[in-house]
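In: need coordinates for the below:
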Amino acid sequence: MILQLNIINAGLFTDVTDVASTLGFTVSTPRTVAISRFRSNAAASAADNNAENYYRINAFIPALDAVSSDLKDRFSKHQQAAFSLAFLLPKNITSATWELAQPAFHKYISVLCCKVPDASEVQAKAEFAVWAAMCRQKPPRDDDVSAIVAVNRCPADALPIMHCMLTILATLPVCTAESERTFSKLERTLTALRSTMSEDRLDALIMLQAHRELLPATDCIIDKYILSGGDRRRRTDFTLD
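Out: From the prediction side, this is the model:
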C-alpha cells in the first residue's frame, strides 16, 4: 500500500514539475526548522529534505487522509442504514429482499412506534412482501424512483409501517446546503447596524431572500407603497417623476 502511494505521488510530482518548468519556476520546499508551531514541518531532516518527500508527507498523505475520513463519515453504518430506505421504492423493491431494508427498520423503530404502537419486525417483513407484490403487479413507470409518489401509492391503512418508512424517506433532507444557505443569509441580514431589528422583520427579510421566485412584481410593490400613504405609515411622500 505504501509503495503504491509513493508511486502515485512520484507521478503527480513529475507532472507538477513539468508544469512548473513550463511556467518558468522550480518546485522547492519552504524553509524548515527543527520545531514549528504554525506550519507542518515533517520531512525536515537532511535525508528527507527534498521537494518530493516534503510535499508527499505534508500535502499528499494528509489530502488522502482527509478524503478517507470524509468518505467514512458520509458512508458510515449510520448513513447506510438510512440509505437502505431506498429499497422500498417501487423500482427497487421488485428485486430487493427484506434483509436489505432491515437496517432502516431498526434505525427508525422509535419513530415507527410513534405512528404504529404495536410495530414489530414480523409485521414489517409481512408488509414488505405485500408492498413488493403490489409493485410487481403494476407496470413500470418513470416516477417509480420518487419517494413522494411511493408514499401516495402505498395504502396507509393496510401497510402502516411501509407507509411510515416511505414517509421518512420522502422527508429526509438530501443535503444540508439549503439550511446552510439560510444561515448565510441570516449573517448577511442581521448585521451590527441592524442589531435592533425585530424578529418578525428579520423572518420576513430572510424569507424574501430564500424565496425570490415568489416575490410579486416590482410595479405592484411600488403601487402598494404609494397607496399606503393614507394611513400615515409613511413619514415622507413618495413621488415619481
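
In: longest helix of the chain?
Out: Ranked by residue count and defined by DSSP state H, the top helix of the chain is helix 2-23.

In: now that helix: mean pLDDT?
Out: Averaging pLDDT along helix 2-23 gives 84.

In: ok, now stretch 102-121?
Out: 90.

In: so residue 10 sits against residue 52, correct?
Out: Yes. If you go by C-beta atoms under 8 Å, residue 10 and residue 52 touch, sitting 6.9 Å apart. Placement of C-beta: from N, CA and C, glycine included.

In: out of those two, which sits in the busier spot?
Out: Legend: neighbour count by other C-beta atoms under 10 Å for residue 10 and residue 52, higher for residue 52 (20 against 12).

In: separation between that one and residue 16?
Out: Distance of residue 52 to residue 16, given as C-beta to C-beta, to the nearest Å: 9 Å.

In: using PDB, write out every CA atom in the helix or strand that contains residue 128.
Out: Assessed by DSSP states H and E, residue 128 sits inside helix 121-137. Output of helix 121-137 as PDB, limited to C-alpha atoms (Å, rounded to 0.1, in the frame of the first residue of the first chain):
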ATOM      1  CA  GLU A 121     -40.300  -6.800  12.600                       C
ATOM      2  CA  VAL A 122     -42.600  -9.700  11.800                       C
ATOM      3  CA  GLN A 123     -45.300  -7.300  10.700                       C
ATOM      4  CA  ALA A 124     -42.800  -5.100   8.800                       C
ATOM      5  CA  LYS A 125     -41.500  -8.100   6.900                       C
ATOM      6  CA  ALA A 126     -45.000  -9.200   6.000                       C
ATOM      7  CA  GLU A 127     -45.900  -5.700   4.800                       C
ATOM      8  CA  PHE A 128     -42.700  -5.600   2.800                       C
ATOM      9  CA  ALA A 129     -43.700  -8.700   1.000                       C
ATOM     10  CA  VAL A 130     -47.200  -7.300   0.300                       C
ATOM     11  CA  TRP A 131     -45.800  -4.000  -0.900                       C
ATOM     12  CA  ALA A 132     -43.300  -5.800  -3.200                       C
ATOM     13  CA  ALA A 133     -46.100  -7.900  -4.700                       C
ATOM     14  CA  MET A 134     -48.200  -4.800  -5.300                       C
ATOM     15  CA  CYS A 135     -45.300  -3.100  -7.100                       C
ATOM     16  CA  ARG A 136     -44.600  -6.100  -9.200                       C
ATOM     17  CA  GLN A 137     -48.200  -6.300 -10.400                       C
END
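
In: perfect, I'm done here.
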